[in-house]
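J.: curious how this folds, go ahead:
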Amino acid sequence: MLPLTDRPGWQAAGEISLLTRPAWERTLDHLARSDEETCHLELSAVTFVDVAGVSALAMTAQGLSQGRRIMLEEPPATLRRVLDMFWPDLLSVEVMGR
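T.: Numbers count the residues shown, from 1 in each chain. Model (predicted):
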(Lines give C-alpha, C1' and ligand atoms only; values in the text may rest on other atoms or scores of the structure.)
Protein backbone atom coordinates (compact mmCIF):
# COMPACT_ATOMS: atom_id res chain seq x y z
CA MET A 1 0.00 0.00 0.00
CA LEU A 2 1.34 3.38 -1.03
CA PRO A 3 -0.06 6.82 -0.27
CA LEU A 4 -1.41 8.72 -3.26
CA THR A 5 0.51 11.89 -4.06
CA ASP A 6 -2.22 13.87 -5.82
CA ARG A 7 -5.25 13.24 -3.58
CA PRO A 8 -5.94 11.88 -0.10
CA GLY A 9 -5.84 8.10 -0.12
CA TRP A 10 -3.91 4.96 -0.91
CA GLN A 11 -2.96 2.74 -3.82
CA ALA A 12 -2.99 -1.04 -3.57
CA ALA A 13 -1.64 -3.72 -5.91
CA GLY A 14 -1.76 -7.51 -6.12
CA GLU A 15 -4.06 -9.57 -3.93
CA ILE A 16 -5.88 -8.62 -0.77
CA SER A 17 -6.11 -11.93 1.04
CA LEU A 18 -5.00 -13.68 4.24
CA LEU A 19 -1.31 -12.83 3.71
CA THR A 20 -1.84 -9.16 2.89
CA ARG A 21 -4.87 -8.44 5.08
CA PRO A 22 -2.84 -6.90 7.95
CA ALA A 23 -1.48 -4.21 5.60
CA TRP A 24 -4.98 -3.71 4.13
CA GLU A 25 -6.51 -3.30 7.57
CA ARG A 26 -3.76 -0.87 8.66
CA THR A 27 -4.47 1.20 5.54
CA LEU A 28 -8.21 1.18 6.26
CA ASP A 29 -7.47 2.26 9.83
CA HIS A 30 -5.36 5.20 8.57
CA LEU A 31 -8.17 6.10 6.20
CA ALA A 32 -10.78 5.96 8.98
CA ARG A 33 -8.68 8.21 11.24
CA SER A 34 -8.11 10.76 8.48
CA ASP A 35 -10.07 13.99 8.63
CA GLU A 36 -10.56 14.07 4.86
CA GLU A 37 -14.18 14.12 3.65
CA THR A 38 -13.32 11.80 0.74
CA CYS A 39 -10.52 9.26 0.81
CA HIS A 40 -9.51 7.45 -2.36
CA LEU A 41 -8.50 3.82 -2.73
CA GLU A 42 -6.86 3.36 -6.13
CA LEU A 43 -7.31 -0.36 -6.87
CA SER A 44 -6.63 -0.71 -10.61
CA ALA A 45 -3.64 -3.00 -9.94
CA VAL A 46 -5.52 -5.21 -7.46
CA THR A 47 -6.23 -8.64 -8.94
CA PHE A 48 -8.23 -10.21 -6.11
CA VAL A 49 -9.95 -9.25 -2.85
CA ASP A 50 -11.24 -12.00 -0.59
CA VAL A 51 -14.53 -11.69 1.28
CA ALA A 52 -12.76 -10.83 4.53
CA GLY A 53 -10.99 -7.95 2.75
CA VAL A 54 -14.30 -6.63 1.40
CA SER A 55 -15.84 -7.05 4.85
CA ALA A 56 -13.03 -5.00 6.43
CA LEU A 57 -13.67 -2.27 3.86
CA ALA A 58 -17.43 -2.31 4.55
CA MET A 59 -16.90 -2.20 8.32
CA THR A 60 -14.53 0.76 7.94
CA ALA A 61 -17.04 2.56 5.72
CA GLN A 62 -19.87 1.92 8.18
CA GLY A 63 -17.79 3.50 10.94
CA LEU A 64 -17.13 6.75 9.08
CA SER A 65 -18.81 9.88 10.39
CA GLN A 66 -21.71 11.26 8.39
CA GLY A 67 -20.67 13.01 5.21
CA ARG A 68 -17.39 11.11 4.82
CA ARG A 69 -16.90 8.54 2.09
CA ILE A 70 -14.46 6.17 0.47
CA MET A 71 -13.98 6.48 -3.27
CA LEU A 72 -12.95 3.16 -4.84
CA GLU A 73 -11.12 3.75 -8.10
CA GLU A 74 -11.02 0.90 -10.62
CA PRO A 75 -11.70 -1.94 -8.16
CA PRO A 76 -11.82 -5.57 -9.29
CA ALA A 77 -15.33 -6.55 -10.45
CA THR A 78 -15.61 -9.13 -7.68
CA LEU A 79 -15.16 -6.47 -5.00
CA ARG A 80 -18.01 -4.47 -6.44
CA ARG A 81 -20.25 -7.56 -6.69
CA VAL A 82 -19.59 -8.59 -3.08
CA LEU A 83 -20.34 -5.05 -1.87
CA ASP A 84 -23.57 -4.98 -3.89
CA MET A 85 -24.57 -8.42 -2.63
CA PHE A 86 -23.91 -8.00 1.11
CA TRP A 87 -23.89 -4.22 1.63
CA PRO A 88 -26.23 -2.82 -1.05
CA ASP A 89 -27.11 0.29 0.98
CA LEU A 90 -23.58 1.28 1.92
CA LEU A 91 -23.73 4.95 0.96
CA SER A 92 -20.27 5.84 2.27
CA VAL A 93 -18.58 3.83 -0.54
CA GLU A 94 -18.60 5.10 -4.10
CA VAL A 95 -17.16 3.13 -7.04
CA MET A 96 -15.51 4.73 -10.07
CA GLY A 97 -14.64 2.70 -13.15
CA ARG A 98 -14.71 -0.98 -14.07
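J.: show me the helices in this structure, by range?
T.: 21-33, 51-62, 77-86 (DSSP state H).
J.: could you say which of these is packed most deeply?
T.: Of these, the one with the most neighbours on average (mean count of other CB atoms under 10 Å) is helix 51-62, at a mean of 18. From N, CA and C alone the C-beta is placed, and that goes for glycine too.
J.: now that helix against helix 77-86, angle please.
T.: Note on geometry: by axes from the mean of the first three to the mean of the last three CA atoms, to 10 degrees, helix 51-62 and helix 77-86 are set 60 degrees apart in direction.
J.: contacts made by helix 51-62 with the rest, please.
T.: Here helix 51-62 makes contact (CB atoms under 8 Å, 6 or more residues apart in numbering) with 16-18, 21, 24-25, 28-29, 31-32, 41, 49, 69-70, 79, 82-83, 86-87, 90, 92-93.
J.: swap in stretch 16-36?
T.: Residues outside stretch 16-36 that contact it (CB under 8 Å, 6+ apart): 1, 8-10, 12, 14, 39, 41, 46, 48-50, 52-53, 56-57, 60, 63-64, 68, 70.
J.: export the helices of the chain to CSV and append columns for mean pLDDT.
T.: Listed next are the helices of the chain as CSV, based on pLDDT from 0 to 100:
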stretch, mean pLDDT
helix 21-33, 95
helix 51-62, 96
helix 77-86, 93
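J.: hang on, the earlier thing: are any of the contacts of stretch 16-36 buried, and which?
T.: Buried residues within those, counting neighbours by 16 or more other CB atoms under 10 Å: 9-10, 12, 39, 41, 46, 49-50, 53, 56-57, 60, 64, 68, 70.
J.: in strands only, show me those.
T.: The strands, defined by DSSP state E, take in 9, 10, 12, 39, 41, 46, 49, 70 from the buried ones among the contacts of stretch 16-36.
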